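**Q** Please find the sequence and the predicted model below.
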Number of protein chains: 2
Amino acid sequence: MVTIYQVSELAGVSLATVSRVMNNNAKVSDKTKQKVLDAMAELGYQPNSIAQSLASNRSNSVGVLVSELHGPFFGDMMSAIEETLRHEGKHTIITSGHSDEQREKQSIEFLIGRKCDALILHAEAVSDEYLLELERRGIEFVLINRYIESLKNRCICLDNRQGGYLATQHLLNLGHRHLVYISGPLWKQDAQARLTGHKQALNEAKIAFTQAQLFEGDYRQDSGCKGLDYFLERGQKFTAIVCANDEMASGVMSRARELGIEVPDELSIVGFDNIIYASYLYPTLTTIDYPIYDMGKMAAYSILKTVYNKKEVQVTPVFVPQLKARGSSVYHA
Amino acid sequence: MVTIYQVSELAGVSLATVSRVMNNNAKVSDKTKQKVLDAMAELGYQPNSIAQSLASNRSNSVGVLVSELHGPFFGDMMSAIEETLRHEGKHTIITSGHSDEQREKQSIEFLIGRKCDALILHAEAVSDEYLLELERRGIEFVLINRYIESLKNRCICLDNRQGGYLATQHLLNLGHRHLVYISGPLWKQDAQARLTGHKQALNEAKIAFTQAQLFEGDYRQDSGCKGLDYFLERGQKFTAIVCANDEMASGVMSRARELGIEVPDELSIVGFDNIIYASYLYPTLTTIDYPIYDMGKMAAYSILKTVYNKKEVQVTPVFVPQLKARGSSVYHA
DNA sequence: AATGGAAATGTAAGCGCTTTCATTTATAGC
DNA sequence: GCTATAAATGAAAGCGCTTACATTTCCATT
């Protein structure tokens, strides 16, 4: 392995000088700089990043916590983060938390132990208190899709309330008056916010919302099926159903098909997230676009700015959801 | 930060002894071991993994190269790898290569620079030669879904040929006699192998295969649409279509729907991979199961065994694909 | 009790870098 | 040409660990 020492020898300078040209953080005359660069090239020198980290107390790595490594949503998020960071020579260590408090904590501590310079967290299950403690410990981090007032400058959020509002408003505009709602797990902040938006839209249209119109799902496909069954069994009257995410919407769709309910003619469906295969379904799914790719990128930018001193980037913390009207929702007389 | 030194002080032993109990790779008497453990607990000591790596020349990290960070296929693969490795205290650095030679190389070199102890590569675009060179350089790695004879003990493969065979055989068994095939990019090994299996099945059934029955796609949804159009325009007669992956199959399906072709009544479709949403489609997609999760796990095991000396694991390098018959393929008179 | 050898522990030299501080060299002012 | 100052470079001390080797301790023999 070729080390900085051999480069310095070949170039006829000291270790310190080689280090300086590598990091170009100090004055080095053009002449010596060139000598060093030549020596590096000649030897095919590659700095040892571990040694750099130990000496500089910088690992040039950022840790990412997602709920699941698979699934279209987190895939896009990871893509965005990895691309952005690698472009700056930083690397990404990815872990998953499975929406479970213990596992999320464990992953976060693991990343800290790995000496990540910063963390990007899609943390759903850990307490606000724990996150506040992280800040007290001096850990650098940003939160994706979680809002904590006292940590607001660390939050990259989608306005979920607005998203829920748009979804419902869309159906209302199409003439639907009897809606039901399949939510995500209500202990999750985003699930609550989306539901709040839904209620707000109903309220503005002077339509009452009752518990009977709500089914609490778990964001998985299967709970879409269950939700539809639930409403049907109870004899609930509805012409449209809004789902707190696309997976559940797809569940509703396939269950409806099994039951011989025509979508969208007899039942309009709206999802949330705009995951890639929302547009592969039949009928194509009307949904709320969640710009997760851009949000991942923004999280990475935010880290680059605060931790790695890239001054020029501009961080916009709040994203606005948009309606994607497609085939699964139609006008109701 | 609490270091090994402070632990040694509190425990009243030397640095070396503390290091020994941490790694428990040398005899330490039970009494002193306990003293050290107590001291660690009292101080809340966390070893500095960077320093460990530098001193031991082990980073306890393994690098993973996938084509894309998003997408159901790679998601499952990453999940499997990360879970398996983390269970053993190793960590995973993930990069993407986008099926492009330059980017794949760059990613691999990046991982090597990060001092990964081993690499798990889903490398499609780099040459065999380059991979052989990696071996010469002494880099530890395993290949997922790529077979190179002289590297065969490093290959975790699916029998793609057999998969292609099964897909076609299934349609043949259903009575179809006029098939067309949408392949992946034929420079990719798996695309070739799947096609070979297809031809073999046709051959056994004494059905001729001509170039006119082949469309070379790119594994993306859109090329499914294109492929269907291609065959239709040419007036090709066919009652079934086999696609080299599910995404293209889904493309065929949606294009067929646009054109008013009934699936499966007028056209049977078979995919490949069994990605999660193959079963969300309508009709549900008949496909070949690609046990990527298990293969990812196996790759991780293989690393654990050869690099980290976990003796007890058993490595099975070749996986056998299986047919998942579902709604998109039916009997043809 | 003396002895030898194994077991336990300690000493200290790195691992390959960064960075402070000291020293040398260049630049300018007179 | 000589100093005063700034710019460039070098020397060396770490960063927090591992590990080869040296030393001490312990126990079983005799």
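**A** Cool, the structure landed.
**Q** and A:Gly217, how many neighbours?
**A** Residues near A:Gly217, counting by other CB atoms under 10 Å in any protein chain shown, number 27. In short, each C-beta sits where N, CA and C put it, glycine included.
**Q** Would you mind measuring from the closest residue to it other than its chain neighbours to A:His178?
**A** Nearest non-adjacent residue to A:Gly217, counting by CB to CB, 6 or more residues apart in numbering or on different chains: A:Ser223, 3.2 Å away. Separation of A:Ser223 from A:His178 (CB to CB, to the nearest Å) stands at 21 Å.
**Q** okay, those two: which has more neighbours?
**A** Higher neighbour count among A:Ser223 and A:His178: A:Ser223, with 25 against 14, using other CB under 10 Å.
**Q** Now do the contacts for that one.
**A** With contact set as CB atoms under 8 Å, 6 or more residues apart in numbering or on different chains, A:Ser223 has these partners: A:Ile182, A:Phe215, A:Gly217, A:Met248, A:Gly251.
**Q** check the residues you listed against DNA strand C, which are close?
**A** Counting by CB under 7 Å from any atom of the strand, the subset of the contacts of A:Ser223 that neighbours DNA strand C is empty.
**Q** Please tell me how far A:Lys237 sits from chain B.
**A** To chain B, A:Lys237 is 26 Å away according to CB to the nearest CB, to the nearest Å.
**Q** Quick check: chain neighbours aside, which residue is closest to that residue?
**A** Excluding its sequence neighbours, the residue lying closest to A:Lys237 (CB to CB, 6+ apart) is A:His178, at 5.2 Å.
**Q** what about the residue nearest to A:Gly217, distance to A:Ser183?
**A** 10 Å.
**Q** okay, and the common contacts of the two?
**A** A:Phe215, A:Gly217.
**Q** For my notes, confirm A:Pro283 occurs in a helix.
**A** No: per DSSP: H, G, I helix; E, B strand; the rest coil, A:Pro283 lies outside any helix segment and is coil.
**Q** check contacts around it.
**A** By CB under 8 Å, 6+ apart, the contact list for A:Pro283 reads A:Val263, A:Pro264, A:Arg326, A:Gly327, A:Ser328.
**Q** On the pLDDT front, check it for me.
**A** pLDDT, A:Pro283: 91.
**Q** Equivalent analysis for A:Thr316, please.
**A** We have a pLDDT of 89 for A:Thr316.
**Q** My guess is it contacts A:Ala299. True?
**A** No: if you go by CB atoms under 8 Å, A:Thr316 and A:Ala299 don't touch, sitting 11.3 Å apart.
**Q** these two touch, right, A:Val330 and A:Val270?
**A** No: contact criterion CB under 8 Å: A:Val330 and A:Val270 do not qualify, at 11.2 Å.
**Q** neighbour-wise, which of those two wins?
**A** A:Val270 (28 against 19).
**Q** Test my guess that that one contacts A:Asn245.
**A** No: under the criterion of CB under 8 Å, A:Val270 makes no contact with A:Asn245, lying 10.7 Å away.
**Q** what's the distance between the closest residue to A:Ala11 other than its chain neighbours and chain B?
**A** Spatially, and ignoring its direct neighbours in sequence, A:Ala11 is nearest to A:Ala39 (3.9 Å; CB to CB, 6+ apart). Using CB to the nearest CB, A:Ala39 is found at 19 Å from chain B.
**Q** element containing A:Ala39, please.
**A** Taking DSSP states H and E as the criterion, A:Ala39 maps to helix A:30-43.
**Q** What residues of that helix count as buried?
**A** A:Thr32, A:Lys33, A:Lys35, A:Val36, A:Leu37, A:Ala39, A:Met40 (16 or more other CB atoms under 10 Å in any protein chain shown).
**Q** what's near enough to touch the nearest residue to A:Asp100 once chain neighbours are set aside?
**A** If the residues on either side of it in the chain are set aside, A:Asp100 comes closest to A:Ala125, at 5.6 Å by CB to CB, 6+ apart. Contacts here follow CB under 8 Å, 6+ apart; on that basis A:Ala125 touches A:Gly97, A:Ser99, A:Asp100, A:Glu101, A:Arg103, A:Glu104.
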